[in-house]
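>>> build me a model:
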Amino acid sequence: MIEDCPWRYRLNEFDLKVYDSVLPDKHPLIYAERLIDWDGFVPMLEQHYDLSRGRPGILPLLMLKLEYLRYHFNLSDRGVMERAETDLLLRWFLQVPLCYQLPDASTLCDFRGRIGADGFKEIFDQLIAQARQAGIVKDRLRLKDASHVIANIAVPTTIKFLGQLRDRLLEQLGVFAPAAAEGFRVSLDLLRQQTDEKGADVRLECRVELLRDILHVISELPQPEQAGENLAWQSLQKLTELATKALSDQDDPQGHRLLSLVDSEARRGKHGDWYDGYVVDMLVDADSKLITNLQVLQAGGDEAKSAVELVRNEQETHGNKIDEISIDGAGFNGEMLREFEQLGVEVTVPAKEIAASPVISNTEFTVCQDKSHVTCPAGHNSSYSQRKGNATIYRFTRKQCDQCPLVQQCMTKPGTGAFGRSVSKTDYEEEYKRARARATTAHHAEVRREHPAVERVINEQMNHHGGRRARYWGRAKVAAQQYLTAFTVDVKRIVKLLTKGACADIA
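Got it, this is the predicted structure:
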């Protein structure tokens, strides 16, 4: 329940005199407390509490402010409590009396678990709503970019990782089939003796096969009664999913591999260099430089799809209509371009140049209205078609091409192969044409000159407020961290815009 003792937080005359005599007239935290409508966050905080049951709790707004201070100064839970105990400015920002004893640092962890990623997103959205109400956020242009987040894990070797997964499986299997679990442990001891002096490849292969055997036995187990409420059974099923994914990774080592049992959602990706973790994808208002929306993806996630989700989510949340979005090269994606056209959002994206071809380009072949065939520059129609992903491959017969007067210009090796010329046509050819046409305009160049502003916002988020490294395990908790970080960055920016330079020391 919520603490029903308002007198605990009431500033008396002595408190006010001390604060007035000690605190400066201008400071980022003073402006932040006065200019941000902190009471506006109370209803969404209180919905995560039972107002009539349980022990009296700390005011949730106080906990939110402590989280803000933690990210503002890059402090730990214990660090922010220790500093707030003795720093009068922080205590004034919290609006607590001088004699008020701050809660234990562990309550911050409980608070974050209670609110969760969805709750912190609501709070972040409420801050953007306040900025919109103040006329700060515009809908002229959104800048979209992404950056990597390094997971809070130590990545084990493959053999060690599979061993950790196997041991966890046997522990849970022992709850439902103790004899089978013990038998696998005996097999493991024999396996270690037999492969002790073998190479790493042999040892890995043997352990993979043992893991497959364990999964087979688990798949044959009868489901217990009330399986949905049986925590041991649910844990076994979750471990089975992870083990299946790990074995799939052995078959397809180029995919997004499972890296750790500690954080099973972290993946390996490349952002300049290889890293292990996540991607934070964000929208920034080009006029106010405020982060208006973000989401956390697994490393290697689909940024083009994410861009559409971000725009759609922001428009549904705030009821606004974004006119244009600027994206880097990852946004030159036909499916994304089509979806944005359907949303009525103009896209500014660097266009990929059409690769030079020693023969007649695919663009010179015209697709008929029903897309059943293409017509070549010599006027011949293709005879075969085949779907492949988001494209159709059209083929001409060998006889058609051998008799064509343009065959020398059309094929690198005329007169060879089972077919004549093959032409691939994407489903999004028209969208690509329009994107390439826009890329030649003066407006495109003007928007691209604005795009680097998003890099400065990302730098603030990732390098000045701790967003680069995950503090927690799991995508939802990493998302909560990124929302709180973005909340902090946006509060600082809103204060700076509203004070119009009156507080020059705001970063």
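
>>> which residues touch the residue most central in space within the chain?
Of all residues in the chain, the one closest to the mean position by C-alpha atoms, centre = their mean is residue 296, 1.6 Å from it. Taking C-beta atoms under 8 Å, 6 or more residues apart in numbering, we find residue 296 in contact with 149, 278, 279, 280, 281, 475, 478, 479, 482. Backbone N, C-alpha and C define where each C-beta goes, glycine included.

>>> ok so the fourth one is a strand residue?
Okay, so that is residue 280. Yes: counting by DSSP: H, G, I helix; E, B strand; the rest coil, residue 280 is located in a strand.

>>> that one - how many residues pack around it?
Other residues lying near residue 280 total 28 when counted by other C-beta atoms under 10 Å.

>>> quick check: it touching residue 149?
Yes: assessed by C-beta atoms under 8 Å, residue 280 is found in contact with residue 149 at 5.5 Å.

>>> phi and psi next, for the residue nearest to the centre of the chain.
As for residue 296, its main-chain torsions (degrees, to the nearest 10) stand at phi -110, psi 130.

>>> and the closest residue to it other than its chain neighbours, what's its pLDDT?
Once flanking residues are discounted, residue 296 sits nearest to residue 479: 4.2 Å by C-beta to C-beta, 6 or more residues apart in numbering. As predicted, residue 479 sits at a pLDDT of 96.

>>> elements contacting the helix or strand residue 169 falls within?
Here residue 169 sits within helix 158-176, counting by DSSP states H and E. Here helix 158-176 touches helix 178-195, helix 200-219, helix 231-251, going by 3 or more C-beta pairs under 8 Å, 6 or more residues apart in numbering; DSSP states H and E.

>>> what's downstream of the longest helix anywhere in the chain, the next helix or strand?
Longest among the helix segments of the chain by residue count, using DSSP state H, is helix 106-133. Heading C-terminal from helix 106-133, the first helix or strand you meet, by DSSP H and E, is strand 142-150.

>>> what is the rounded mean pLDDT of that next one?
When pLDDT is averaged over strand 142-150, the result is 95.

>>> now do stretch 191-201
Stretch 191-201 comes out at a mean pLDDT of 84.

>>> and it, which residues are buried?
Buried residues in stretch 191-201, counting neighbours by 16 or more other C-beta atoms under 10 Å, are found at 191, 195.

>>> list of residues touching that stretch?
Applying C-beta under 8 Å, 6+ apart, the contact partners of stretch 191-201 are 159, 202, 203, 206, 207, 210.

>>> turn the residues you listed into a markdown table, including distance to residue 288 and neighbour count.
Supplementary listing: the contacts of stretch 191-201 in a markdown table, determined by distance: C-beta to C-beta, whole Å; neighbours: other C-beta atoms under 10 Å:
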| residue | distance to residue 288 | neighbour count |
| --- | --- | --- |
| 159 | 51 | 13 |
| 202 | 60 | 12 |
| 203 | 57 | 17 |
| 206 | 59 | 16 |
| 207 | 55 | 20 |
| 210 | 58 | 16 |
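
>>> just the closest of these to residue 236, please.
Nearest to residue 236 among those is residue 210, at 17.2 Å by C-beta to C-beta.

>>> from the chain's centroid, how far away is the worst-scoring helix or strand of the chain on mean pLDDT?
Ranking every helix and strand in the chain by mean pLDDT, DSSP states H and E puts helix 13-22 at the bottom, with a mean of 82. Helix 13-22 sits 45 Å away from the centroid of its parent chain (C-alpha atoms, centre = their mean, to the nearest Å).

>>> buried residues in that helix, which are they?
15, 18, 19.

>>> please apply the same query to stretch 327-343.
Neighbour counts over stretch 327-343 (16+ other C-beta under 10 Å) mark 327-328, 330-337, 339-340, 343 as buried.

>>> chain center to it: distance?
Here the centre of stretch 327-343 is set off from its chain's centre by 18 Å, with C-alpha atoms, centre = their mean.
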